[in-house]
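Undergrad: sequence? don't have it. structure:
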C-alpha cells in the first residue's frame, strides 16, 4: 500500500478522488502538516510504488531538486541518453519555474518518449518538493548545473 493510500484510508476519500488542481498543493489536498508529510516522504521517498518512471529516471528527477535533508537518494551519473537528458532538462525547467510546467516543455518530454502520466508525475514531484521541503530555484541553482 502506498503512503497516499495509507493517508486516505483513514478518511472516506480514495487517492483517485483527491483533486489537486493547479492552485492547490499536497498540503491542502491531504490536510496534513508540512512536518508530517516531510516525515512520510523521507521514509517512503517522493515516488509511489506504481511510478511511471524507472528507478534511474526517479533518481535523475530527484537529483535535480537539490539536497533535501533526510531524504533517501540514489547516486546518479550525468545522463548521456537523449531521453534521459530531456527528462533532466524538463525537471530543471520546472525547478526554475517553481513547479509550473510550460506546455512546450511538456510536449518536448512527450516527444522524447515519455507518457503524459510520466510528465504529470514529474510535475507533481517537483511541486511536492516545493510545497513540503521548501524547494526554491535560488537555493537549488547548483543542483541543476550540468556536470559531464
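TA: Looks like it arrived, so ask away. Keep in mind that this is a model prediction, so the values were computed, not measured.
Undergrad: after the host helix or strand of residue 87, which helix or strand is next?
TA: Residue 87 belongs to helix 82-96 when assigned by DSSP states H and E. Using DSSP H and E, the helix or strand that follows helix 82-96 in sequence is helix 103-111.
Undergrad: count of residues packed around residue 117?
TA: For residue 117, the neighbour count with other C-beta atoms under 10 Å is 10. The way it works is simple: take the backbone N, C-alpha and C, and place the C-beta from them, glycine included.
Undergrad: lowest average confidence, helix or strand, in the chain?
TA: Using mean pLDDT, DSSP states H and E, helix 3-9 stands out as the lowest-scoring helix or strand of the chain, at a mean of 45.
Undergrad: related to what we said a few turns ago, for the helix holding residue 87, name the packing helices and strands.
TA: helix 55-63, helix 103-111, helix 116-133 (3 or more C-beta pairs under 8 Å, 6 or more residues apart in numbering; DSSP states H and E).
Undergrad: that helix: how far from the chain's middle?
TA: Relative to its parent chain, helix 82-96 has a centroid offset of 12 Å by C-alpha atoms, centre = their mean, to the nearest Å.
Undergrad: just the buried residues of it, please?
TA: Neighbour-count burial for helix 82-96 flags 84, 86, 87, 88, 89, 90, 91, 92, 93, 94, 95 (criterion: 16 or more other C-beta atoms under 10 Å).
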